[in-house]
Structure formats: C-alpha cells, structure tokens
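# Could you look at this predicted model? Sequence included:
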Amino acid sequence: MASQQIRHEGVVTSVGNGIVQVRIVQASACAACAAAKLCQSSETKEKIVEVRCNSKPYEIGQRVVLVGSLRQGLKATWLAYALPLLFVVATVAACSVLGANDALAAASALVALSVYYILIYMLRGRFEAKFGFEME
C-alpha cells in the first residue's frame with residue numbers, strides 16, 4: 001500500500017561493497033507550500049542515506065526512489081524520542097518520590113538518558129537490520 005510507505009527521491013552519490021549512498025532532500029511539511037518563499041519558515045535538509053543493495057548495479061548521479069515502511073518510521077520515532085522522554089520523566093518522578101532534591105533528580109535523569117543512548121548505540125547493528133530503506 002502506498003499510504004503505508006515513506007518515500008524519498010534521491011541521487012546516488014557513492015557505490016561500493018554492497019552499499020549505495022543516496023543524497024535526499026528532507027523538507028518540512030510547509031516547504032511545499034506556495035507561500036514558503038515569503039514566510040521563511042520552510043526548512044529543508046540534505047541527508048546521506050546508506051542502503052544495502054546487492055542485486056542491481058547503480059551509478060553515481062542516478063536518480064532513485066527510497067522506500068521504507070511507515071511502521072518502521074513510527075518505531076524509530078518511538079525509540080528516538082518517546083521512550084527516552086518516558087525514561088527522563090520516570091527517573092525524575094522516582095527521585096522525587098524517594099526524596100531526592102531537584103538537582104539530584106535532574107542529574108539522575110541525564111545519566112539515565114545517557115545510558116539509554118549508549119545502549120542504543122551499542123545495539124545499532126540490530127537496528128540496522130530492522131530499520132532501513134529499500135531502493136525502488
């Protein structure tokens with residue numbers, strides 16, 4: 001289903017060892033607005049995405065379409081933003097219940113957040129297998 005997919009058009013910038021690097025332009029929702037040039041609030045970012053690909057040969061400069069599932073995008077958002085926020089709130093709440101002062105609660109929340117992101121970094125190999133784009 002097309003509605004269950006995330007699609008980005010891009011240009012191949014590098015090919016080698018079964019990995020193709022694709023440059024995509026990620027635009028905010030208002031970047032496509034007709035008045036975007038006037039209001040200065042639209043924003044676009046250029047990103048390089050690595051895609052594992054062993055089947056079809058690609059050439060530098062070739063235009064491609066990257067496709068990912070909406071479900072993967074939602075899981076990635078949950079792991080990157082929602083779950084860490086819950087950890088911070090839970091840590092501060094636990095510290096407050098235990099009678100810690102605000103400075104200790106804040107420091108504990110930062111430590112918990114740091115441990116969470118270090119763990120995510122250490123498990124990045126597992127996440128690479130689950131999250132990624134395919135070329136269409």
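That came in fine, so what should we check first?

# Low-confidence bits of this structure, can you list those?
Scanning the chain for pLDDT under 70 picks out 1-3, 27-44, 54.

# where exactly do the strands run in it?
With DSSP state E as the criterion, the chain has strands at 5-16, 19-27, 44-52, 63-69, 134-135.

# need those in TSV with mean neighbour count, can you?
All C-beta spots, glycine's among them, are computed from the backbone N, C-alpha and C. Shown next, in TSV, are the strands of the chain (neighbours: other CB atoms under 10 Å):
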stretch	mean neighbour count
strand 5-16	15
strand 19-27	17
strand 44-52	13
strand 63-69	16
strand 134-135	16
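
# So which of those strands is nearest residue 105?
Closest of the strands of the chain to residue 105 is strand 44-52, at 34.4 Å (criterion: CB to CB).

# Alpha carbons of that closest one, in PDB - could you do that?
Taking C-alpha atoms only, strand 44-52 is exported to PDB below (Å, rounded to 0.1, in the frame of the first residue of the first chain):
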ATOM      1  CA  THR A  44      14.900  21.600   4.000                       C
ATOM      2  CA  LYS A  45      17.900  19.500   5.000                       C
ATOM      3  CA  GLU A  46      20.100  17.400   2.800                       C
ATOM      4  CA  LYS A  47      20.900  13.900   4.200                       C
ATOM      5  CA  ILE A  48      23.000  11.000   3.000                       C
ATOM      6  CA  VAL A  49      21.300   7.600   3.500                       C
ATOM      7  CA  GLU A  50      23.200   4.300   3.200                       C
ATOM      8  CA  VAL A  51      21.200   1.500   1.600                       C
ATOM      9  CA  ARG A  52      22.400  -2.100   1.400                       C
END
